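Student: Everything below, folded, please.
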Amino acid sequence: MSKAATRRANSHFKRLPKGNNGGIQLLLIHNVEHLGKQGDLVEVKPGFALNYLLPQGLATIATDHHKRMVEKHREKLREIEIQKLKSYQDQADELAKQSITIEANANDEGHLYGSVGPHEIVDSLKSVGIHLAQDQIRLDGPLKELGLYTVKVHLHSEVEASLKVWVVPTVASETGEPGA
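Tutor: Numbers count the residues shown, from 1 in each chain. Model (predicted):
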């Protein structure tokens, strides 16, 4: 790469405010898990800022103007965050009351021929009108036996719910066992 090309490639780094540790200072617009909450001033590596946080609209450059705006609206942001947490907690309470049943093929000892994972749980929840993403279902591993399981559902960085999942054998058809 020529010197001019290197200078052009690095020119956008000079416009971004540097933090104390050599990273880029950003102001979070939304909560970012494992990084910070809305309104926090964070320092991240340039690639993370330029390739993820800024294009996704999760953060903005930490200018003095933006910092003043956040301080001015910090109380309103807290109220909004409290309302969001309350709605997530209500959803967690609703999920705790739910119990879903998933049918799966199993042998006589109760071992599944396949396994039940987040995909099957999300599909079963959709049938009762609850819409979640697969990455919100937290399993220690795929469910490989018949029985009752308590599954964690990650709704927010501060709110987790428990969901009862019954894995039951598939009801055999009237003609007998499959493949008979």
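
Student: ok, then the element right after the lowest-mean-pLDDT helix or strand in the chain?
Tutor: Taking all helices and strands of the chain together, the one with the lowest average confidence (mean pLDDT, DSSP states H and E) is helix 3-15, at a mean of 54. Sequence-wise, the next helix or strand beyond helix 3-15 is strand 24-28, with elements assigned using DSSP states H and E.

Student: Show me what that following strand is packed up against.
Tutor: Strand 24-28 is packed against strand 41-44, strand 59-61, helix 64-97, with contacts defined by 3 or more Cβ pairs under 8 Å, 6 or more residues apart in numbering; DSSP states H and E. No exception for glycine: its C-beta is placed from N, CA and C like everyone else's.

Student: Output the ones you listed as CSV; include the columns mean pLDDT.
Tutor: Rendered in CSV, the data for those read as follows (pLDDT from 0 to 100):
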stretch, mean pLDDT
strand 41-44, 90
strand 59-61, 88
helix 64-97, 85
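
Student: Buried residues in the helix or strand where residue 126 lies, which are they?
Tutor: Element membership for residue 126, per DSSP H and E: helix 118-127. Counting neighbours by 16 or more other Cβ atoms under 10 Å, one finds that the buried residues in helix 118-127 are 118, 120, 121, 122, 124, 125.

Student: One more: stretch 58-73?
Tutor: Neighbour-count burial for stretch 58-73, counted by 16+ other Cβ under 10 Å, picks out 58, 59, 62, 66, 70.
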